[in-house]
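Asks: fold the following.
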Amino acid sequence: IIVIISLAVAIGAVIQGSIGFGYALVAVPALVLILPWSVPVTPLLLALPMTVLMSAREWHSIDFGGFFLITAGRLLGTVAGVALLVFAPGGSLSTLVGLLILAAALASFLRPTFEVRNSTRLTGGIASGVVGTVAALGGTPLALVYQDRSGAELRSTLSISFVVGIAMSLVGLGLAGKVEWRHFALAVELLPGMLVGLWASRWVVKRLDERWLRPAVLAFAAVAGLVIVLLGPGR
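Replies: Sure thing, here's the model as predicted:
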């Protein structure tokens, strides 16, 4: 069981280390199927050191101005996401979120350039908070915002944003009494798989950053939207 889950974690780390997001799309479904009690705490415990390492790996490329705008937007989006979960039907809400992500990815495919402004950073942060709360895939809107920036800026800025978001989530889960020692024990067992995947992503980065990063980001964003539509709450 640990070998199978470690493989999923490693693949997720390769993807996230290469394009800045996507770890949850691979690791979380594997954990849900095999060890459902471990979600969401264990994947978050693994994602925290991964995003810290990614931030440090390319720290010189972090868009700090964008990071602060994203963080502010994410706080607003998280509140909005909680409100939507309370007042909107879960199935229809996840379907709407997934369709919006699919539409954004398609629009980006059809539009050759995308300019990053403060308004788009803030909007991306809000969307990340909403999508992260509703469907646990908050990295997708941020990746779409930074799709035309360098791979180093995209990965490092998303990573430092994730560090803050993951830390807030873990604190909240801890205060709610949802964090147990077995979550930490499992995370330690899966840590080598994450580190191997993150190390392997260096080789993928060299091939993606030249010309394939943007198509990879858009394709994976479309997959994320489709996953939310098909597997969201109520499915």
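Asks: helix or strand right after the helix or strand of the chain with the lowest mean pLDDT?
Replies: Least confident helix or strand, the chain: helix 90-110 with a mean of 75, by mean pLDDT, DSSP states H and E. Counting by DSSP states H and E, the next helix or strand C-terminal to helix 90-110 is helix 118-135.
Asks: got the buried residues for that next one?
Replies: Buried residues in helix 118-135, counted by 16 or more other C-beta atoms under 10 Å: 120-135. Where C-beta positions appear, they are placed from N, C-alpha and C, glycine not excepted.
Asks: right, and the helix or strand after the helix ranked longest in the chain?
Replies: Counting by DSSP state H, the longest helix found in the chain is helix 181-211. On the C-terminal side of helix 181-211, the nearest following helix or strand under DSSP H and E is helix 213-231.
Asks: what is that next one packed up against?
Replies: Under the contact criterion of 3 or more C-beta pairs under 8 Å, 6 or more residues apart in numbering; DSSP states H and E, helix 213-231 touches helix 2-19, helix 23-34, helix 90-110, helix 139-145, helix 151-175.
Asks: export it as PDB, just CAs?
Replies: The C-alpha trace of helix 213-231 is given here as PDB (Å, rounded to 0.1, in the frame of the first residue of the first chain):
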ATOM      1  CA  LEU A 213       5.300  25.100 -20.300                       C
ATOM      2  CA  ARG A 214       2.200  27.100 -21.300                       C
ATOM      3  CA  PRO A 215       0.600  24.200 -23.200                       C
ATOM      4  CA  ALA A 216       1.200  21.900 -20.300                       C
ATOM      5  CA  VAL A 217      -0.300  24.400 -17.800                       C
ATOM      6  CA  LEU A 218      -3.400  24.900 -20.000                       C
ATOM      7  CA  ALA A 219      -3.800  21.200 -20.600                       C
ATOM      8  CA  PHE A 220      -3.500  20.300 -16.900                       C
ATOM      9  CA  ALA A 221      -5.900  23.200 -16.000                       C
ATOM     10  CA  ALA A 222      -8.500  21.700 -18.400                       C
ATOM     11  CA  VAL A 223      -8.000  18.300 -16.800                       C
ATOM     12  CA  ALA A 224      -8.500  19.800 -13.400                       C
ATOM     13  CA  GLY A 225     -11.700  21.500 -14.500                       C
ATOM     14  CA  LEU A 226     -12.900  18.200 -15.900                       C
ATOM     15  CA  VAL A 227     -12.100  16.300 -12.700                       C
ATOM     16  CA  ILE A 228     -14.000  18.900 -10.700                       C
ATOM     17  CA  VAL A 229     -17.100  18.500 -13.000                       C
ATOM     18  CA  LEU A 230     -17.000  14.700 -12.900                       C
ATOM     19  CA  LEU A 231     -15.900  14.000  -9.300                       C
END
